[in-house]
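**Student:** build me a structure from this.
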Amino acid sequence: MDSEHLLGCQVYNTRSYVSSECSSAGLPLTPCSIRVHGRFQYLSTLRHPRLNRYMSCARSGNESVLFVLEHGPSWLKPGELMETSDVLKYSYQILQGLTYLHNNNIVHHCLDWNALNLNSAGDIQLINYVIYYASLGGLLITSPIDIPRFMPPEKIMSPVMAHESPIPESDDDFVWEKPAYDVWYFGLLLLEMACNAQLWEFLSLKQVFSKLIILFDGEKGDEALLAELLKANKLEETFRNLDTVVQNVIKGCLKIDPSQRMICRDLMALYPESLRLKYSLVSKLTNKHVELFQNFKDPFIEFSKLPLRKLTPESFIFTRPCDEIFHLWTLAGGVLSKEMQRQGLLKLIFKICRFPNCISRDGLYLGNDLSRITKANNKVVPLPIDNLQSKLSMLSLDAFFPLLCFKNNSSKLGPESESSMRMLASNIKEVDVEYQLERVVLFHRILRGFPATRELLIKEASTDIPPHYRGYTWAALLHLNCASNYTASIYSMLDHIDFSTSLPSDKQIEVDIPRCHQYHTLLSSPSAHSVLRTVIRAWVISNPDLVYWQGLDSLAAPFVCLHFNSPALAFSCLSQFIKKFLFKFFLSDNSAIIQEYLSCFSQIIAFHDPELFYHLHEQNFSPNLYAMPWFLTMFAHTFPISKIYHLWDTLILQTASFPLFIGAAILKLLRSHLLSVDFDGAILLFSDIPEIEIESIKSTSLQLFMSTPPSCAFRNWVNPDLYSTQFFPLEDDALMHFSDWTL
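**Tutor:** Sure, this is the predicted structure:
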């Protein structure tokens, strides 16, 4: 992102369920805004020079969804007179973007002038490609997403529009449009672009539909249909004077039968070879995995593009990746809903005011239509970054280029090294924009150099881990002991797993997943259920000697949240996490392992607090009555995801016995309560644990860990690989970057 690129936001209103009826499984129906939020996550992975990147999706209190994107400084507008060379250039670049979308099973569906953004170099970058896929073809939002004058014959003759159809219970029930839908849109858009005209310009919406129904009715041939379309819009002479290439492309698009329309790749072959070579992207595009890493761009290159007069912290922020900028924008006080309300695009409408007068037996809404249907508004509202720039204006440029030194494991990390912020609680540090900028820049550089920077990564992670790079940092820390061939094959792991294998635990998995952390916006979406199911089943199938125990879903949830768009990396992190902290816990007969673990836990309690140990023993309140959910899920079933992030930031850096000290720390913090209750009181206490500060748990557990003899926490059932040599030799693989992990 540079100073000529901006952050923008779009808003759409989602539909509401009329009643509180449950799904066929007996569970509450998932709100449409949550379903859109979950489906959006895949779209945020799309990277292409002809697409503007969508970075984030947020929910508003009015069941609206807000999409955050990066966009260029100008737009291609209808009515602008273009040279033939410009028409060829822009149309070819549109086809490049559509080809990439179609290769990733995405249909644009909203291709019109509002979707054509121009970057600072004057090249086309498409937007609005998220709404069709994210909204399940428009079924989850209140506004029609089709462009009436561009609608193809198969859509015009369809009896029911998407926003009038019942909301499907499952995403799998929806039938997607084919890429041929986009080809028709593109053909008409190119016709308008080349003829410098707008089809049906002076007709009302009702008249446009009437004209299209008459045009598509009957058994016309393709040439006759095109001739009638040109005649109705008085474009016959203009079309005859168009470049032959443009004419052939338009004719290849405007076929009544969708199966006869040319695909985008074949349409691109109609363009002159010189133009195809000039705008070729072969050298710029690689496989999908490397594209996912392109956010980790080299800031030195971006630095060199800035004029000398712009070398200030507030302008230098533009050298950072756009997702970093948006993260910092929110920390600087930016609120998406307020910006959209300021533009009048987000209004509060009570749900009861949007209910229909009645519902037919087949689920159609009748009456009160205007309150539920809103006109689609694809307007992109620029997000002001003045506040962010002012907050960063006092920073030194050194903060953007921390110097990493490896000699004697020392590093000069910029002015924040001595900052008192390091001593504050994580939840305070994570909302300080200046501190987070320094940490994000630092971890960006460290991860770029992994594994050569592994010792620096451990050192800095022990202070705190910035939320923006928590997922990649955990992945690096969990794979420190893995061989290089293992890290290189992470993204192909799921390709070798036969998911058609039936498991005895399938029914239990299906029951557990919809109940896993359902307060969490992302995890409560059907898309997250699918990813969580994939990760859990992959782990069970790939470990035939182990079985599924309830709690594995909670254990996998944090990794699914952090690596939602990379199930393979989430699966790999889960596997390494279990190997380190829950070795042999998931055996079908794990009684010996559990007994040893709980005995060790009791020993630690007795060592540090004999009085509490004796009291619990006298009440026959043994650890197996309360501690099993703690250790089997590593506390993921006890605390919400937001607290688990902070707890595991510390846990992942420690040894396999550290969870025992986290449990002991919880007991120590609840000591006064436990000493004052009997057996029944203790049961009630642990059924609803009082609010405990995670920072207190972390600091107390570290104190207990450091003051306990290693023999006190010794266990036989520990993964022997944990004592193997550290990562592959630095001198052999020093040039292997973390980018090979497709971040």
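
**Student:** give me the buried positions along the longest helix anywhere in the chain.
**Tutor:** Assignment by DSSP state H gives helix 84-103 as the longest helix of the chain. For helix 84-103, burial by neighbour count (16 or more other C-beta atoms under 10 Å) applies to 87-102. C-beta coordinates here come from the backbone N, C-alpha and C atoms, glycine included.

**Student:** does anything pack onto it? Which helices or strands?
**Tutor:** When contacts are defined as 3 or more C-beta pairs under 8 Å, 6 or more residues apart in numbering; DSSP states H and E, helix 84-103 packs onto strand 124-126, helix 180-195, helix 244-253, helix 264-268, helix 273-278.

**Student:** between those, which gets the lowest average pLDDT?
**Tutor:** Mean pLDDT values for these show the minimum at helix 273-278, a mean of 91.

**Student:** contacts for it?
**Tutor:** 88, 89, 92, 268 (C-beta atoms under 8 Å, 6 or more residues apart in numbering).

**Student:** swap in 6 Å and give it another go.
**Tutor:** With contacts defined as C-beta atoms under 6 Å, 6 or more residues apart in numbering, helix 273-278 is touched by residue 88.

**Student:** then stretch 610-626?
**Tutor:** With C-beta under 6 Å, 6+ apart, stretch 610-626 has contacts from 598, 601, 602, 605, 606, 671, 675, 678, 679, 682, 686.

**Student:** now swap in stretch 181-188 and tell me
**Tutor:** So stretch 181-188 is contacted by 98, 107, 108, 111, 150, 152, 250, 253, 254, 261 (C-beta under 6 Å, 6+ apart).

**Student:** quick check: the two most widely separated of the residues you listed?
**Tutor:** Comparing all pairs in the contacts of stretch 181-188 by C-beta to C-beta, the longest separation belongs to 107 and 250, at 20.1 Å.

**Student:** which stretches of the stretch 151-300 of the chain have low pLDDT?
**Tutor:** Counting by pLDDT under 70, the ranges of the stretch 151-300 of the chain that qualify are 158-165, 282-300.

**Student:** where's the closest residue to residue 654 other than its chain neighbours, which helix or strand?
**Tutor:** Using C-beta to C-beta, 6 or more residues apart in numbering and skipping the chain neighbours, the partner closest in space to residue 654 is residue 705 (7.0 Å). Assigned by DSSP states H and E, residue 705 falls within helix 694-706.

**Student:** tell me the buried residues in that helix?
**Tutor:** 694, 695, 697, 698, 700, 701, 702, 704, 705.

**Student:** and what of stretch 462-472?
**Tutor:** For stretch 462-472, by 16+ other C-beta under 10 Å, it's 464, 465, 466, 467, 468, 469, 470, 471, 472.

**Student:** same deal with stretch 588-606?
**Tutor:** Buried-residue list, stretch 588-606, by 16+ other C-beta under 10 Å: 590, 593, 594, 596, 597, 598, 600, 601, 602, 603, 604, 605.

**Student:** report all helices and strands that whichever helix or strand the second one is part of contacts.
**Tutor:** In other words, residue 593. Counting by DSSP H and E, the element that carries residue 593 is helix 591-608. When contacts are defined as 3 or more C-beta pairs under 6 Å, 6 or more residues apart in numbering; DSSP states H and E, helix 591-608 sits against helix 658-669.

**Student:** go again using 7 Å as the cut-off
**Tutor:** In this structure, helix 591-608 makes packing contacts with helix 610-618, helix 658-669, judged by 3 or more C-beta pairs under 7 Å, 6 or more residues apart in numbering; DSSP states H and E.

**Student:** pull the CA atoms of it into CSV?
**Tutor:** Provided in CSV are the C-alpha atoms of helix 591-608 (Å, rounded to 0.1, in the frame of the first residue of the first chain):
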residue,chain,number,x,y,z
SER,A,591,-5.8,-44.0,32.4
ALA,A,592,-2.1,-44.5,33.2
ILE,A,593,-1.1,-41.2,31.5
ILE,A,594,-3.9,-39.3,33.2
GLN,A,595,-3.1,-40.9,36.6
GLU,A,596,0.5,-40.0,36.4
TYR,A,597,-0.3,-36.4,35.3
LEU,A,598,-2.8,-35.8,38.1
SER,A,599,-0.4,-37.4,40.6
CYS,A,600,2.3,-35.0,39.5
PHE,A,601,-0.2,-32.1,39.8
SER,A,602,-1.1,-33.1,43.4
GLN,A,603,2.6,-33.3,44.2
ILE,A,604,3.2,-29.7,43.0
ILE,A,605,0.2,-28.5,45.1
ALA,A,606,1.6,-30.3,48.1
PHE,A,607,5.0,-28.8,47.6
HIS,A,608,3.9,-25.2,47.3
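
**Student:** now do it against helix 610-618, angle only.
**Tutor:** 140 degrees (axes from the mean of the first three to the mean of the last three C-alpha atoms, to 10 degrees).

**Student:** list the contacts of helix 591-608.
**Tutor:** 584-585, 587, 612-613, 623-624, 627, 631, 660-661, 663-664, 667, 704, 708, 712-713, 715-717 (C-beta atoms under 7 Å, 6 or more residues apart in numbering).

**Student:** that one to helix 658-669, inter-axis angle?
**Tutor:** Going by the same axes, to 10 degrees, helix 591-608 makes 50 degrees with helix 658-669.

**Student:** can you put the helices and strands packed on helix 84-103 in CSV and add mean neighbour count and distance to residue 28?
**Tutor:** Below are these laid out as CSV (neighbours: other C-beta atoms under 10 Å; distance: least, C-beta to C-beta, whole Å):
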stretch, mean neighbour count, distance to residue 28
strand 124-126, 24, 37
helix 180-195, 24, 34
helix 244-253, 19, 44
helix 264-268, 18, 41
helix 273-278, 11, 53
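
**Student:** of all those, which one comes closest to residue 651?
**Tutor:** strand 124-126 (42.1 Å).

**Student:** tell me which residues in the following helix or strand past the closest one are buried?
**Tutor:** Downstream of strand 124-126, the next assigned helix or strand under DSSP H and E is helix 131-134. Judged by neighbour count (16+ other C-beta under 10 Å), helix 131-134 contains these buried residues: 131, 132, 133, 134.

**Student:** wait, the third one sits on residue 106?
**Tutor:** Spelled out, that is residue 133. Yes. Here residue 133 lies in contact with residue 106, judged by C-beta atoms under 7 Å, at a distance of 5.5 Å.

**Student:** in this protein, which spans are strands?
**Tutor:** Secondary structure of the chain (DSSP state E): strands at 6-13, 54-59, 64-71, 74-75, 116-118, 124-126, 358-359, 365-366, 381-382.

**Student:** quick one: residue 218 and residue 211, what's the gap?
**Tutor:** 14 Å (C-beta to C-beta, to the nearest Å).

**Student:** do the same with residue 685
**Tutor:** In terms of C-beta to C-beta, residue 685 sits 73 Å off from residue 211.

**Student:** again with residue 133
**Tutor:** 30 Å.

**Student:** where does this structure dip in pLDDT?
**Tutor:** Looking at the chain by pLDDT under 70, you get 1-5, 18-27, 158-165, 282-315, 347-355, 360-377, 405-419, 481, 483-488, 722-743.

**Student:** got a list of what residue 10 touches?
**Tutor:** 67, 378, 380.
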